[in-house]
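In: here is a sequence together with a model predicted from it:
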Amino acid sequence: MEQLNKKGLITGLSCYIIWGLLPLFWALLHHIAPMSVLAHRIIWSAVFMSFVAIGMNYTQFKIDCHHLRSNISQIVLLVLAAILIAFNWGIYIWAVANNRVMDTSFGYYINPLLNVVLGVFIFKERLSTIQWCSVGLATLGILFLTFQLGTIPDIALELAFTFGLYGVVKKKLVIHPFTSIAFEAWLITPFALAYTLYIDPSSWTSFQYDTYTALLFVISGLTTSAPLVLFSYGARLLPLNLLGFLQYVSPTIALMLAIFYFGESFDTNKLIAFSFIWAALAMYTTSNRTK
């Protein structure tokens, strides 16, 4: 058991470290329009996830395909999941390209608490008083930042809501995660291909004249599929409370990168807003451990 937990910790932590470091990768593609970067991410994710879903998990893939053929509602859910994750990826890439990495960190700190709220309203889950207080603290942090900035933290909320709703849809899917992610990528690949062929065909010229950019396009698919595979294995081996704690690694790395690498401002107002979120997360995590 100890050996399994060690492997789970390594794979789970590796997944969240990769996700946390992704702003560094997307920044390498700053010379390409965010929509073209998104399109290539979708295309190459579809390629890599084909190997993952079919090559690594073929028996399960066949079972899932048979299930999908007889369950139209599952196909509808896959389409919704594909749309939500495409928006989430696009918002994230745009945020990095426009020096708003700190907003992505804020969004993914909010996400676990938003999931709690979605669980209450969609799955009729019940919260303890402490958990409701944690949600209230997070709300105060968002309201404080909104009041100080004079505008809502749109990127943070868009990332949190798209990924939160994506999680809701995924919870209703009964197929293997690898199969699901592969189908999600395949479903939106035709639109990504259409964009690169008819709206921005110049992105494909990099495969002739710019090996560096072409390699980054291909790797973008790997940076999407690799951490998902790591997460899948980590989730199977680790207890949920430890896995829940590890999810804060990613936005913490992104916050450090925003301040110390991208040079984004972290003034008193942002510190106060983040403090509300950190306190809310600490309160919620503690409440889970005491159950």
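Out: Thanks, I have the structure now. Residues are numbered from 1 along each chain as shown.

In: show me where this protein has helices.
Out: For the chain, helices defined by DSSP state H occupy the ranges 2-27, 34-50, 58-69, 72-97, 101-123, 129-149, 154-172, 177-194, 206-209, 211-237, 240-246, 249-260, 268-289.

In: packed most tightly, which of those would that be?
Out: Ranked by average neighbour count under the criterion mean count of other Cβ atoms under 10 Å, the helices of the chain are headed by helix 34-50 at a mean of 23. No exception for glycine: its C-beta is placed from N, CA and C like everyone else's.

In: got the angle between that helix and helix 72-97?
Out: 130 degrees (axes from the mean of the first three to the mean of the last three Cα atoms, to 10 degrees).

In: angle of helix 34-50 against helix 177-194?
Out: Going by the same axes, to 10 degrees, helix 34-50 makes 140 degrees with helix 177-194.

In: mean confidence for helix 34-50?
Out: Mean per-residue pLDDT for helix 34-50: 96.

In: got the contact list for it?
Out: 26, 29, 86, 89-90, 93-94, 97, 178, 181-182, 185-186, 188-189, 191-193, 195-196, 199-200, 203, 217-222, 224-226 (Cβ atoms under 8 Å, 6 or more residues apart in numbering).

In: and stretch 273-287, by the same measure?
Out: So stretch 273-287 is contacted by 106, 109-110, 112-113, 116, 128, 130-131, 133-138, 140-142, 144-145, 148, 244-245, 248, 255 (Cβ under 8 Å, 6+ apart).

In: pLDDT weak spots in this protein?
Out: For the chain, the stretches flagged by pLDDT under 70 are 1-5, 239-244, 288-291.

In: list the contacts for the residue positioned nearest the centre of the chain?
Out: Centroid-nearest residue in the chain: Phe163, 6.1 Å away (criterion: Cα atoms, centre = their mean). Applying Cβ under 8 Å, 6+ apart to Phe163 gives the contacts Leu84, Asn88, Gly107, Tyr108, Asn111.

In: distance check, the nearest residue to His31 once chain neighbours are set aside against Phe161.
Out: In this structure, His31 finds its nearest non-sequential neighbour in Thr213, 7.5 Å apart by Cβ to Cβ, 6 or more residues apart in numbering. According to Cβ to Cβ, to the nearest Å, Thr213 and Phe161 sit 32 Å apart.

In: thanks a lot, catch you later.
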